[in-house]
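K.L.:
mind looking at a prediction? Sequence and model below.
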Amino acid sequence: ALDGQAGWQAQWRDAAPKPGYDAVIIGGGGHGLGTAYYLARKHGMRNIAVLEKGWIGGGNTGRNTTIIRSNYLFDESAALYDHALKLWEGLSADLNYNVMFSQRGVLMLAHNVHDEQVFRRHVHANRLNGVDNEWLTPEQAKAFCPPLNIAPGMRHAVTGGALQRRGGTARHDAVAWGYARAASALGVDIIQNCEVTGIDRDAAGRVSGVQTTRGPIATKRVGVVAAGNTSVVMAMAGLRMPLESFPLQALVSEPVKPCFPCVVMSNTIHAYISQSDKGELVIGAGTDAYISYSQRGALHISMHTLEAICELFPMFRRMRMLRNWGGIVDVTPDRSPIIAKTPVPGLYVNCGWGTGGFKATPGSADLFAHTIARDEPHPINAPFSLERFAEGRLIDEAAAAAVAH
Ligand SMILES: Cc1cc2nc3c(=O)[nH]c(=O)nc-3n(C[C@H](O)[C@H](O)[C@H](O)COP(=O)(O)OP(=O)(O)OC[C@H]3O[C@@H](n4cnc5c(N)ncnc54)[C@H](O)[C@@H]3O)c2cc1C
Ligand SMILES: CSCC(=O)[O-]
């Protein structure tokens, strides 16, 4: 539970902006709210504001398919995502707010010899890094997920799978609300409907404040956590980012009785699925192929994904879809994030999570708070620098995510 708080709040104070803060976080998603929480909770900073142009959780945090796992290939990635997974395991207790983290297992399917080689390599690399992951035969995969179709005659027959039992899902809204309430109880101002329109720099080039739709705010430390809009925000400080923003879609079915026990992902046929605690099938796809700041995508992407789901899980062929939406995912050249200082003194950036940053939320926020508070990266996020692209030290996880992006 939170120590030193003024008293329980059912939610967070909907604060109005003050003339100045010690630090300003741009972006009221899970990563931004979590950063403010850890800045207050672990680094003793109290005079902090989170500036959100819409409503907190309205971006990708509230739009994603909530898959959580840490079975990434590279040592740097395994350290980053498993740091997050360990924080997920205690997050509800830490925030005293049920984020509904459910370690139901994440099963990544293989459909050909290439998939098998990639996933077996992941299993071995994960074990070397102390991350749980195990190879299953098709029969073992079906035993773990009975609705799975492992008939040999399928167009993309299942030839095995990699299972991370510690992986699972969480309630995305609750993550934003839990962090907002806990941060607010520690004195952080959560300021919604406040779009940042400019980043001010002094004569020496240091950050000196931000311009917003609710007036100017002075500060010497700005953390940008704006996901798909990061390039737009960083351009306000004169920085061009190695990012492309794409629409990524998801959809949910009509709710049914509990029938799907885990998370199943397939990179080859661009589909992944779980069942929410409300009973809806939560289905995700690959990104739309064009660069866009749109929060919706093309119909053929969803249709392709539903064809794949119907092939893998024939019992779902008569389900009706309830809602389809999109978010804006910010993708780096190596599909790994940037959690770093920038060439502008006092300006820090946390972005590039692409299609897979929800799983990292607590770890990303914890490490970004460390980077802002100490003006230097934590050893875990040090490799995820902005300079790595110029220096050629890529952390190329493109194959690790279960969607082509
Ligand atoms: C459809 C979909 C499915 C996904 N599925 C998964 C998944 O299953 N597992 C997984 O790990 N990841 C998944 N992701 C990715 C994941 O959602 C994101 O990487 C993660 O949520 C990013 O969190 P964030 O807090 O950085 O971004 P956001 O939650 O998008 O927060 C950024 C905030 O910044 C605000 N903002 C932008 N510009 C400004 C400005 N100028 N001034 C003020 N505020 C501003 C935005 O309004 C937004 O609220 C998915 C994404 C999508 C879109
Ligand atoms: C949207 S893909 C989710 C993931 O990479 O675990």
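P.N.:
Received it, and whenever you're ready, just let me know what you need. Ligands and ions are numbered 1, 2, ... in the order given.

K.L.:
anything in stretch 229-249 near ligand 1?
P.N.:
Yes: using CB under 6 Å from any ligand atom, stretch 229-249 reaches ligand 1 at 229, 233, 248-249. (Glycine included, C-beta is placed from N, CA and C.)

K.L.:
would you pull up the residue in the stretch 51-200 of the chain closest to ligand 1?
P.N.:
Nearest residue of the stretch 51-200 of the chain to ligand 1, counting by CB to the nearest ligand atom: G59, 2.4 Å away.

K.L.:
list the contacts of that residue.
P.N.:
Taking CB atoms under 8 Å, 6 or more residues apart in numbering as the contact definition, G59 lies against 27-29, 227-228, 327-328.

K.L.:
how about a cut-off of 6 Å?
P.N.:
29, 227 (CB atoms under 6 Å, 6 or more residues apart in numbering).

K.L.:
same thing with the one 10 residues further on?
P.N.:
Taking CB under 6 Å, 6+ apart as the definition of contact, the neighbours of R69 are 106, 164, 167, 359.

K.L.:
please point out which parts of the host helix or strand of V232 sit buried.
P.N.:
Assigned by DSSP states H and E, V232 falls within helix 230-235. Within helix 230-235, the residues that qualify as buried are 230-231, 233-234, counting by 16 or more other CB atoms under 10 Å.

K.L.:
now swap in stretch 38-51 and tell me
P.N.:
Using 16+ other CB under 10 Å as the test for burial, stretch 38-51 gives 38-41, 45, 48-51.

K.L.:
does ligand 1 sit close to it?
P.N.:
Yes: judged by CB under 6 Å from any ligand atom, stretch 38-51 comes into contact with ligand 1 through L51.

K.L.:
which of the residues of stretch 229-249 next to ligand 1 has the most neighbours?
P.N.:
Of all the residues of stretch 229-249 next to ligand 1, L248 has the most neighbours under the rule other CB atoms under 10 Å, reaching 29 neighbours.

K.L.:
so it is in contact with I328, correct?
P.N.:
No: if you go by CB atoms under 6 Å, L248 and I328 don't touch, sitting 7.8 Å apart.

K.L.:
and the stretch 251-400 of the chain, which of its residues are near ligand 2?
P.N.:
Residues of the stretch 251-400 of the chain lying near ligand 2 (CB under 6 Å from any ligand atom): 284, 355-356, 359.

K.L.:
again, only this time at 8 Å
P.N.:
Contact residues, the stretch 251-400 of the chain versus ligand 2 (CB under 8 Å from any ligand atom): 265, 272, 284, 355-356, 358-359, 400.

K.L.:
that older thread, quick one: distance of the helix holding V232 to the chain centre.
P.N.:
Its chain's C-alpha centre and that of helix 230-235 lie 18 Å apart, by CA atoms, centre = their mean, to the nearest Å.

K.L.:
now for the contacts of R69, which pair is the farthest apart?
P.N.:
Within the contacts of R69, Q164 and K359 form the most distant pair, 10.8 Å apart (CB to CB).

K.L.:
all helices of the stretch 101-250 of the chain, in order?
P.N.:
Per DSSP state H, counting those that start in this stretch, the stretch 101-250 of the chain has helices spanning 113-128, 138-144, 172-185, 230-235. These are given in chain order.

K.L.:
for A93, which of those is the nearest?
P.N.:
helix 172-185 (10.9 Å).

K.L.:
any regions of the chain where pLDDT drops low?
P.N.:
The chain contains residues with pLDDT under 70 at 1-10, 399-405.

K.L.:
just want the residue of it that's nearest ligand 2.
P.N.:
Proximity of the chain to ligand 2 (CB to the nearest ligand atom) peaks at G356, 3.5 Å away.

K.L.:
what about H378, distance to A218?
P.N.:
Distance of H378 to A218, given as CB to CB, to the nearest Å: 27 Å.

K.L.:
if you could redo that for G392, that was the one I meant.
P.N.:
Taken as CB to CB, the span from G392 to A218 is 39 Å.

K.L.:
more neighbours, those two?
P.N.:
A218 (13 against 6).

K.L.:
who does that one bridge with?
P.N.:
G20, G209 (DSSP bridges).

K.L.:
wait, it sits on G20?
P.N.:
Yes: A218 is within contact range of G20, at 3.6 Å (criterion: CB under 6 Å).

K.L.:
surely K18 is in a strand?
P.N.:
No: judged by DSSP: H, G, I helix; E, B strand; the rest coil, K18 forms no part of a strand; its state is coil.

K.L.:
neighbours around it, how many?
P.N.:
Neighbours of K18 using other CB under 10 Å come to 12.

K.L.:
please name the nearest non-neighbouring residue to it.
P.N.:
D189 (6.9 Å; CB to CB, 6 or more residues apart in numbering).

K.L.:
pull out the buried positions in the lengthiest helix in the chain.
P.N.:
In the chain, taking DSSP state H as the definition, the longest helix is helix 75-95. Counting neighbours by 16+ other CB under 10 Å, one finds that the buried residues in helix 75-95 are 76-85, 87-88, 91-92, 94-95.

K.L.:
repeat for stretch 92-107
P.N.:
92, 94-95, 97, 99-107.

K.L.:
quick check: the closest residue to W55 other than its chain neighbours vs L136, distance?
P.N.:
Leaving aside its sequence neighbours, W55 sits nearest to Q192 (CB to CB, 6+ apart; 5.3 Å). Per CB to CB, Q192 is found 45 Å from L136.

K.L.:
more neighbours: which of these two?
P.N.:
For Q192 versus L136, the count of surrounding residues by other CB under 10 Å is larger for L136: 22 against 18.

K.L.:
ligand 1 contacts on the stretch 151-300 of the chain?
P.N.:
169, 172, 176, 194-197, 212, 225-230, 232-233, 236, 247-250, 272, 284.

K.L.:
roughly how far does the closest residue to I150 other than its chain neighbours sit from M154?
P.N.:
Excluding its sequence neighbours, the residue lying closest to I150 (CB to CB, 6+ apart) is P138, at 4.2 Å. Relative to M154, P138 is positioned 10 Å away (CB to CB).
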